[in-house]
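*Asks:* Please find the sequence and the predicted model below.
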Amino acid sequence: MKGRYRNFNFIVGSCLVLLIMIPVLIGLFYTPYDPGAMNALLKNMAPSPEHWFGTDNFGRDIFSRVMEGAKLTFLVGLMTVVIGGSIGITIGAITGYFGGPVDEILMRINDGLAAFPSVLLALVMVSIFGSGKYMIILTLGIVFIPSFARVARSEFIAQKGKDYVLNAKLMGAGALRIMFLQILPNTRTILLSAMMIGFNNAVLAEAGLSYLSIGAQPTDYSLGRMLSESQTYLLSAPWYAMAPGLTIVFTVLGFSLMGEGLTSGDKSTGWGHLKKQMRMFLPASNIERLPSKAEQENENILEVRDLVIGFAGENDIKTVVKGISFQVKPGEVLGIVGESGSGKSMTALSLMGLLQKEGKILQGSVRFNGKELTGLAEKEFRAIRGNDIAMIFQEPMTSLNPLLTVGKQVEEQLLLHGVKRNTKERVLSALADAGLEDTEKVYHSFPHQLSGGMRQRVMIAMAMICKPRLLLADEPTTALDVTVQARILHLLKKMNQNYQTSMVFISHDLTVIRKMCSRVLVMYEGSIVEQGSVEDIFNNPQNTYTKKLLCAALGKNVDATEQEIPENEPSVDLQQNNALFVQDLHVFYKNTRNQKSKQKKVFEAVKGVSLQVGKGEIVGIVGESGCGKSTLAKAVAGLTKDISGVIDTNHSQPQMVFQDPYGSLNPAKRVYQLLQEPLKLSKMYTKELREQQINSILNKVGLTEEIKMRYPHELSGGQRQRVAIAMSLMLKQELIILDEPVSALDVTVQEQILDLLLELRVKENLSFLFISHDMYVIRRMCDRVCVMYHGEIVEQDSTKALFEDPKHPYTRQLLDAVLR
Amino acid sequence: MKFLIKRVITLLFTMFLVSVFSFVAFQIIPGDSAALKLGMDADQAAIDALREAMGLNRSVFARFFDWFLSAIKGDFGTSSQYSMSVAQLLSKRMEVTAWLAVLSIAMILVFSLILGLLASKKENGWIDRLITILSQTFMSIPPFFMGIILVLIFGITLRWFKTGSCPDPAEDFSGFLKFLIYPAIAIAIPKIAMTAKFLRSSLLREQNLDYVRTAKSKGSSSERILIHHILKNALLPVITFMGMVIGDVFAGSIIVEQVFNLPGIGKTLVVAISNRDFAVVQTVVLYIAMLVIVINFIVDVLYQWIDPRIKLD
């Protein structure tokens, strides 16, 4: 559907363009009549087989004249794209990529020029330099330079900060190479559509100017001129105006449809064409009757039976939840654990009737408080939502409306469920109940003025204000820092105890589940693979997937963690034996200018950090988001300019592996192109050698050669990260900086990547600077650990010592939040 | 408040920059304007005398300063074709153009809002498809061709208005407005199509955001969500877009005034260009550019006023 709709626009567009272009091309060699030949006998004749579009007031054949006129139209459009496009894109690329004072000055001039509508600017130029066919072409080319420059500039600014550009820099690619070989391929759709828009604007501008007799001269053939001449004869010969007018309309429409087809985003799939396949699922009403309400009472607040949820795909239905059943008792906290894609969030959304329009409950029953919810009328469901069942979500950042005050949003919950009196007092007390201080101020705040933790408290206050019987919490702490996490969990526990609210608590994080829940379901690929009390699941897991999950989360074996900690003592040798030596490093940020306000701030992200990484050592840096660990990583890699202090990388250029391999691999390149790029830069490899090298490294990172021809988006998350690791190995540098290399991956994949890294360290003699927020991963990987807090290293020690005997209070806080 | 002062300073700076552009552009006209003024067979002494009188022998900076100061006072020089002050010449014509722009902008606001809301109600439904196809088509019709079609249908065939004779607003104001409806439609239609399309995609984008899901989970009806939550968020980018559209409305009026033979500044500009009446051209260009700047300033301030996230910075 998506492809079809997109192509439909493009095909119709190209057909229209061809419809106009073919006569223009023929017109280069042949026109049915001499477009300039007058004939007094044939004045203002209506269209006929001899004269397809009729004749004008001088008896000239309109079709022949349109052929000639459209030639100018196309010429103008084309030349504008060539002149304006080439100069504009070059200027935009350079200013966007380099920034600095030149950019600043050009942007100011651009702002000023933007005040003149392009037709006006063209008018001024024509009035100064004179008119005529060639003048108009040149003028429009120049007039449209700024618009091309603007598009290219903003594209280059958006792209230059991406991880794949940083990666290319680390491999030693120069600015020109990055601009034209790395960034430009990723901007082609936008630039192409900008060219089509530019073409159209130029065509319209030329027609307009010629219509005003300011563009093309009387001797030139131009559609705009024809239109202005035709106006006198509108009454007697209306077809005269239609021929050139419609030619312009079709040309412009054709190009704009083509541009549309190039850039149009995803079109959602519908259920309409899948009706047949849906018959294989039973309608919800045909399900066997459940025990009556009386039998249920005081038993379960929620009863889910044989729930099947499906999504409409391109041609088929993809089931994401495959017949699950579970119950929740009053006051109980039920945990659902599983990886992303296991169907746990879909389950929660379906309970609320909030599946996106592509998702549907295909089969099964959901009973809440004895009432069947599947197939419930929207209006009835609304009365339940928020009042009896409430929900909180993962992203407190985006889950609140940015334009409304927090108070208004919480208050809405009350208004929707019929509470009209004392709403403000009730909101304030609910906010206080959720542990927020200074509630009056919070009430009048906008979401962006609050921290992530406060926002999640607001969400909880909102969910709890109507005292629902059931609260669905979908990864409520995942987006928060560990220390905040613990407090939010505590709050939810308190809410559960104070109000006897039942909860369904969804998480991928087993430690969180263990803290919150009494019973837990383990979901895998849409099915429940195991369920039981938390003690049973943690102490005596039956299912292999559950075991794997436990291993990954809690270290190889829960009881044997002691041996797991590597025993390496920190190597504080001489500087030359280090892969990395950093002393008193400060990193500053000159605040990248906010679009609107022009003020500049200098912000010190790293404040006097010293550390070493010995040869073959893995040194971990742990800390919460915003503590400066990623900034430190970039500074060590040499990607930051404003630094002071010593960074000695022992004559090597450290390579980096980023958190999100989707961003660090250039989306426009195939795997083999990605891998050969660093080799091409070093110029020491022949084609055959490159081929050999790529194959051997792919082999080392556990990938097969067949993926060489694929694009990054055709790989799985784990494969992408393997390719990213392969890229970092290409130049055979000894130090590799790993910036949260497994945080974006599912636990089981995480495990494989970590194993791979440990293996590579030994085989390839590598040293790692390993950055993570995850204490488990740190413990599993590192020989030594540095704890970072507010830009400083507050503690560094061997992993064993740090985990067994944390000295700094912050380290203890981190460990408490996770381990106990 | 601090923000407002900053914006005003930027506004004044841009205005100054635009006046420099407008001045410099007409300094690079090929040929000697004193010689031009006196005609082909003036003798050199007369030209030199005139050059001295016009101040052409002084430095560019001095001349710019003079021009700039008198422009601030409202003195834009003398029109060579009408031999009257430019300010006086343009004041009445500006009224026509201003009303034309007001009418078109009102049409754009009302109709694009209705069409955008209708189209976004059911994505890919038949109403949405129809509106998308129509807007794609109408976007491609240049305003002056639209104008010709309107003249043909309503002026010549149906005789709802008398072509080519616009009533004087001082004498017959309602007749004047009635006449302006047709050129206003011609200008507005492609812009309605563009704005509706932009609003539609903005509405659809907002519909999929997390805060809408939160509102649904509270039990809001979809109408309530649209009015209380989505619309304001979706209109934010449209405000900036409208700033650009309004600039285009003035550009479009230059040509459409010619089609309907309206005595506005657009038509005056075109006549002045053909007659090389540069004082008039310069003033009209400056006037339109200033309008665009001021409108963009208002749009910017409006944006910040609606979006609380920006005030903090």
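*Replies:* Perfect, I can see it now.
*Asks:* Where does chain B get nearest to chain A, residue-wise?
*Replies:* residue B:251 (3.4 Å; Cβ to the nearest Cβ). Bear in mind the C-beta positions are built from the backbone N, C-alpha and C, glycine included.
*Asks:* low-confidence ranges in the stretch 101-250 of chain B?
*Replies:* Residues of the stretch 101-250 of chain B meeting the criterion pLDDT under 70: none.
*Asks:* how about the residues of it that lie near chain A?
*Replies:* Residues of the stretch 101-250 of chain B lying near chain A by Cβ under 8 Å from any Cβ of the partner chain: B:123-124, B:136-137, B:139-142, B:144-145, B:148-149, B:151-152, B:156, B:208-211, B:213-221, B:224, B:228-229, B:232-233, B:236, B:247-248, B:250.
*Asks:* Mind checking which of the residues you listed are in helices?
*Replies:* In this view, these that belong to helices under DSSP state H are B:136-137, B:139, B:144-145, B:148-149, B:210-211, B:213-217, B:224, B:232-233, B:236, B:247-248, B:250.
*Asks:* Give the PyMOL command for selecting the buried subset of those residues.
*Replies:* Those of those that count as buried under 16 or more other Cβ atoms under 10 Å in any protein chain shown are selected in PyMOL with:
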select buried, chain B and resi 136+137+139+144+145+148+149+210+211+213+214+215+216+217+224+232+233+236+247+248+250
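*Asks:* Kindly provide the whole-number mean pLDDT of the helix or strand hosting residue A:383.
*Replies:* Per DSSP states H and E: residue A:383 is located in helix A:378-384. Mean pLDDT, helix A:378-384: 89.
*Asks:* what's next to it, contact-wise?
*Replies:* Outside helix A:378-384, the residues within contact range by Cβ atoms under 8 Å, 6 or more residues apart in numbering or on different chains are A:353, A:368, A:373, A:376, A:416-417, B:219-221.
*Asks:* Same question for it: list its buried residues.
*Replies:* So for helix A:378-384, counting by 16+ other Cβ under 10 Å, buried means A:381-382, A:384.
*Asks:* Just the closest of those to chain B, please.
*Replies:* Nearest member of the buried residues of helix A:378-384 to chain B, counting by Cβ to the nearest Cβ, is residue A:382, at 4.5 Å.
*Asks:* thinking again about what came up before, from the contacts of helix A:378-384, list just the buried residues.
*Replies:* Buried residues within the contacts of helix A:378-384, counting neighbours by 16+ other Cβ under 10 Å: A:353, A:368, A:373, A:376, A:416-417, B:219-220.
*Asks:* of all these, which two lie farthest apart?
*Replies:* The two members of the buried ones among the contacts of helix A:378-384 with the most space between them (Cβ to Cβ) are A:368 and B:220, at 19.2 Å.
*Asks:* Residue A:622 and residue B:200, how far apart?
*Replies:* Separation of residue A:622 from residue B:200 (Cβ to Cβ, to the nearest Å): 47 Å.
*Asks:* hang on, the earlier thing: which of the contacts of helix A:378-384 lies closest to residue A:318?
*Replies:* Nearest member of the contacts of helix A:378-384 to residue A:318, counting by Cβ to Cβ, is residue A:353, at 20.2 Å.
*Asks:* quick one: contacts for the closest residue to chain B within the stretch 701-820 of chain A?
*Replies:* In the stretch 701-820 of chain A, the residue that lies nearest chain B is residue A:744 (19.2 Å; Cβ to the nearest Cβ). Counting by Cβ under 8 Å, 6+ apart, residue A:744 touches A:659-662, A:717, A:721.
*Asks:* Which pLDDT value belongs to it?
*Replies:* pLDDT, residue A:744: 80.
*Asks:* nearest residue to residue A:745 other than its sequence neighbours?
*Replies:* residue A:717 (5.3 Å; Cβ to Cβ, 6 or more residues apart in numbering or on different chains).
*Asks:* Got the domain ranges for chain B?
*Replies:* Domain assignment for chain B, taken from automatic domain parsing, gives B:13-72, B:93-306.
*Asks:* Which stretch among those domains is buried most, on average?
*Replies:* Ranked by mean neighbour count under mean count of other Cβ atoms under 10 Å in any protein chain shown, the domains of chain B are led by domain B:93-306, which reaches a mean of 20.
*Asks:* picking up where we left off before, would you confirm that the residue of chain B closest to chain A contacts residue A:122?
*Replies:* No - between residue B:251 and residue A:122 there is no contact under Cβ atoms under 8 Å: 9.7 Å.
*Asks:* hang on, residue A:401 in a strand?
*Replies:* No - applying DSSP: H, G, I helix; E, B strand; the rest coil, one finds residue A:401 to be coil, outside a strand.
*Asks:* Please report how far it lies from residue B:260.
*Replies:* 45 Å.
*Asks:* Likewise for residue A:402?
*Replies:* Residue A:402 is 45 Å from residue B:260, by Cβ to Cβ.
*Asks:* go on, residue A:616?
*Replies:* For residue A:616, the distance to residue B:260 - Cβ to Cβ - is 82 Å.
*Asks:* what's the answer for residue A:713, then?
*Replies:* Counting by Cβ to Cβ, the gap from residue A:713 to residue B:260 is 53 Å.
*Asks:* Same check on residue B:176?
*Replies:* Residue B:176 sits 12 Å away from residue B:260, going by Cβ to Cβ.
*Asks:* so what sits against both of the two?
*Replies:* Common neighbours of residue B:176 and residue B:260 (Cβ under 8 Å, 6+ apart) are residue B:166.
*Asks:* returning to what we had before: and the residue of the stretch 701-820 of chain A closest to chain B, which of the three is it?
*Replies:* coil.
*Asks:* Sheet partners, orientation included, of the helix or strand residue A:327 falls within?
*Replies:* Assessed by DSSP H and E, residue A:327 sits inside strand A:317-328. With DSSP bridges as the test, strand A:317-328 is paired with strand A:302-312 (antiparallel).
*Asks:* wait, what's in contact with residue A:494?
*Replies:* No contacts exist for residue A:494 under Cβ under 8 Å, 6+ apart.
*Asks:* How far does the stretch of helix or strand it belongs to sit from its chain's centre?
*Replies:* Using DSSP H and E, residue A:494 maps to helix A:482-499. Chain-centre distance of helix A:482-499: 31 Å, with Cα atoms, centre = their mean, to the nearest Å.
*Asks:* continuing past that helix, what's the next helix or strand?
*Replies:* strand A:502-507.
*Asks:* And that next one, what's buried?
*Replies:* Going by neighbour count (16+ other Cβ under 10 Å), the buried part of strand A:502-507 is A:502-507.
*Asks:* got the angle for that strand vs helix A:482-499?
*Replies:* Angle, strand A:502-507 to helix A:482-499, by axes from the mean of the first three to the mean of the last three Cα atoms, to 10 degrees: 160 degrees.
*Asks:* Show me what strand A:502-507 packs onto, helices and strands only.
*Replies:* strand A:317-328, strand A:333-337, helix A:344-351, strand A:470-474, helix A:482-499, helix A:510-516 (3 or more Cβ pairs under 8 Å, 6 or more residues apart in numbering or on different chains; DSSP states H and E).
*Asks:* coming back round to it: model confidence over the helix holding residue A:494, on average?
*Replies:* Here the average pLDDT along helix A:482-499 is 88.
*Asks:* any idea how far residue A:100 is from the residue nearest to the spatial centre of chain B?
*Replies:* Centroid-nearest residue in chain B: residue B:250, 2.7 Å away (criterion: Cα atoms, centre = their mean). Separation of residue B:250 from residue A:100 (Cβ to Cβ): 34 Å.
*Asks:* How about residue B:249?
*Replies:* For residue B:249, the distance to residue A:100 - Cβ to Cβ - is 36 Å.
*Asks:* cool, and residue A:443?
*Replies:* Distance of residue A:443 to residue A:100, given as Cβ to Cβ: 45 Å.
*Asks:* Next up, the contacts around the closest residue to chain B within the stretch 1-150 of chain A.
*Replies:* Proximity of the stretch 1-150 of chain A to chain B (Cβ to the nearest Cβ) peaks at residue A:117, 3.4 Å away. Taking Cβ under 8 Å, 6+ apart as the contact definition, residue A:117 lies against B:247-248, B:250-251, B:288, B:292.
*Asks:* try residue A:21
*Replies:* Per Cβ under 8 Å, 6+ apart, neighbours of residue A:21: residue A:74.
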